[in-house]
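*Asks:* Have a look; sequence and predicted model below, questions after that.
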Amino acid sequence: RDDNYITSLGTRSYSRATMAGTAATLKSFLLFTELQGLCRPGLKDSILVPKQYTDEGLPTFVSWDTVRKLISTQKTNTATGKRNKAIMLLMAIYGLRCREITKLRLNDIDWRNEKIHIQRAKGGKRQILPLVREVGDAIICYLREARQNENGTEYLFLRAVAPYSKMSAASLYHVVCKALKAQGLLLQKYGPHVLRHSCAT
């Protein structure tokens, strides 16, 4: 079948909205190639667009007690655990996105005035927020006891194994997704957005 690729997206946990957008793009491309005489007529009609439902895009969130439990289960006797706890606190308390956390630099934290400077992913605006003590303590613990910085980078959160480079947004996503699944939570979606939406609610 010509729409097997779209079907495969569903088995990889892509949302129906993403699948529908991909299907629409493919149909447009096939229409163009048909008009150019590069493919057989009607091929675009073989691509089925997944049906979307009104409430399926509602945010996934958990209770604050669950968030606290998730953060408390991070093994702070390991370098990775110390780092991940600080990351999750930033997501849960400030509702930060992965890209906003990966862009944090050492000088974005004003320890003297207890402020944290955030460059928002949407719009790129700088925002100054009060540094919550629990977050500050977790970051200090990470900096003093876990952060390896042989390359002298100014980015706050680094990989826990060599080379100690800046963490990617995908790495942060994996950290939170793995932690949520380890709790045995049955959620429609997994990932940092769960902590962001839990913060919002």
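*Replies:* Arrived safely, thanks for sending.
*Asks:* Hmm, I101 and Q119 touching each other?
*Replies:* No: contact criterion C-beta atoms under 8 Å: Q119 and I101 do not qualify, at 10.5 Å. Just so you know, the C-beta spots here come from the backbone N, C-alpha and C atoms, and that holds for glycine as well.
*Asks:* Of the two, give the one with the bigger neighbour count.
*Replies:* I101 (22 against 15; other C-beta atoms under 10 Å).
*Asks:* Name the nearest residue to the more buried one, sequence neighbours excluded.
*Replies:* Spatially, and ignoring its direct neighbours in sequence, I101 is nearest to L90 (5.6 Å; C-beta to C-beta, 6 or more residues apart in numbering).
*Asks:* Measure how buried the one you found is and give me the count.
*Replies:* 26.
*Asks:* if I look at it, how far off is L30?
*Replies:* Distance of L90 to L30, given as C-beta to C-beta, to the nearest Å: 44 Å.
*Asks:* wait, A160 sits on R83?
*Replies:* Yes: using C-beta under 8 Å, A160 is in contact with R83, at 6.3 Å.
*Asks:* what residue ranges in this protein are flagged as low confidence?
*Replies:* Low-confidence segments of the chain, defined by pLDDT under 70: 1-16, 50-61, 187-188, 190, 197, 199-201.
*Asks:* Could you pull out the helices in it for me?
*Replies:* 4-11, 16-35, 64-72, 79-94, 98-102, 133-145, 169-182, 192-200 (DSSP state H).
*Asks:* Mean neighbour count, those: which tops it?
*Replies:* helix 79-94 (a mean of 22; mean count of other C-beta atoms under 10 Å).
*Asks:* What sits closest to L43 if chain neighbours are left out?
*Replies:* L30 is the one closest to L43 (C-beta to C-beta, 6+ apart), at 5.0 Å.
*Asks:* I misspoke; the intended subject was V49.
*Replies:* Counting by C-beta to C-beta, 6+ apart, the residue nearest V49 is A23, at 4.5 Å.
*Asks:* can I assume T33 is in contact with P41?
*Replies:* No: T33 is beyond contact range of P41, at 10.5 Å (criterion: C-beta under 8 Å).
*Asks:* between these two, what contacts are shared?
*Replies:* Between them, T33 and P41 share no contacting residue under C-beta atoms under 8 Å, 6 or more residues apart in numbering.
*Asks:* All set, thanks.
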